[in-house]
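A.B. asks: Fold the following and give me the result.
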Amino acid sequence: MRLRYVLFIAVIFVMTTYSCKERGGKYIDQGEIHYKIDYLGDFGMPKEALPQNLIVSFKQDKILFEMTGFGKSGILNLSNPEKGIYDTYFSIFTKRYYYAAKSGEIFPGFDAMGNMELKKTFKSKVICGFNCKNAEVTFGNDRSKVFDIWYTNEIKVKEPNAATPFNNIDGVLMGFFFLMGPSELRFEAETVYKKDIPDETFDRRSNYIRVTRESINSFINQMLSI
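C.D. replies: A predicted model of the protein is given here:
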């Protein structure tokens, strides 16, 4: 009986450490964060066909959000303050479009989060080995529903949320959500890697057609079938 108990604890420990890892130590200033994505709501298409993970590449104050799915279709958000680049890229099969935002502008696709109210709390937990703080989010049209977000100051990225709805959070997001229309996407960090990220990762992409913000919003909504 005692042996079974020890084996059970060992299995739980292995599963926990495997599901969320940090590789490279704390206070890193460049690397990658891999997040799993959960889709809540009706997306009008099999969730297996939607992007299954989010990869965030960061280097000092530069950051790239990359969410891709079947056929390499997906959405990229690129922030490079040094070069004044705040781009959103949308691709589906052979179609490629991008929108170039201005400094201080929120990336397209987040109109449903315009009425957001954020309150920091004293709650904390550890995600992938990083000490994380908590904030609660409510919306003016339904204050009874509270969304939790988790962030850490142990990854050194300057203004990591500058062009997102969470621009008042001064840490790197480790657990968060996005509302797109009536549907919800939840993100949870699974692995944090310390690695050298080439500077060209944060350059403007070529072979994309520049379009308006309204067009990019329309493309994103169509991709997620909202």
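A.B. asks: for this structure, what spans make up the strands?
C.D. replies: Secondary structure of the chain (DSSP state E): strands located at 21-23, 30-40, 53-59, 62-68, 74-80, 85-92, 95-100, 116-127, 130-139, 142-152, 172-180, 183-194, 209-210.
A.B. asks: could I get these as a markdown table with distance to residue 201 and mean neighbour count?
C.D. replies: For glycine as for every other residue, the C-beta is placed from the backbone atoms N, C-alpha and C. Formatted as a markdown table, those follow (distance: least, C-beta to C-beta, whole Å; neighbours: other C-beta atoms under 10 Å):
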| stretch | distance to residue 201 | mean neighbour count |
| --- | --- | --- |
| strand 21-23 | 19 | 17 |
| strand 30-40 | 10 | 17 |
| strand 53-59 | 6 | 20 |
| strand 62-68 | 6 | 21 |
| strand 74-80 | 9 | 21 |
| strand 85-92 | 12 | 21 |
| strand 95-100 | 16 | 16 |
| strand 116-127 | 24 | 12 |
| strand 130-139 | 22 | 18 |
| strand 142-152 | 22 | 15 |
| strand 172-180 | 17 | 21 |
| strand 183-194 | 14 | 19 |
| strand 209-210 | 20 | 10 |
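A.B. asks: give me the beta-bridge partners of the spatially closest residue to residue 212 that is not a sequence neighbour?
C.D. replies: Closest residue in space to residue 212, ignoring its immediate chain neighbours: residue 99 at 6.9 Å, by C-beta to C-beta, 6 or more residues apart in numbering. Beta bridges link residue 99 to residue 88, judged by DSSP bridges.
A.B. asks: so residue 99 sits right up against residue 108, yeah?
C.D. replies: Yes - under the criterion of C-beta atoms under 8 Å, residue 99 makes contact with residue 108 at 5.8 Å.
A.B. asks: intersection of neighbour lists for these two?
C.D. replies: Counting by C-beta atoms under 8 Å, 6 or more residues apart in numbering, the common neighbours of residue 99 and residue 108 are 88, 213, 216.
A.B. asks: Out of those, which comes closest to residue 205?
C.D. replies: Closest approach between the shared contacts of residue 99 and residue 108 and residue 205, by C-beta to C-beta: residue 88, at 10.8 Å.
A.B. asks: in the sheet, who's paired with the nearest residue to residue 152 once chain neighbours are set aside?
C.D. replies: Nearest residue to residue 152, sequence neighbours excluded (C-beta to C-beta, 6+ apart): residue 130, at 4.2 Å. Residue 130 has these beta-bridge partners by DSSP bridges: residue 127.
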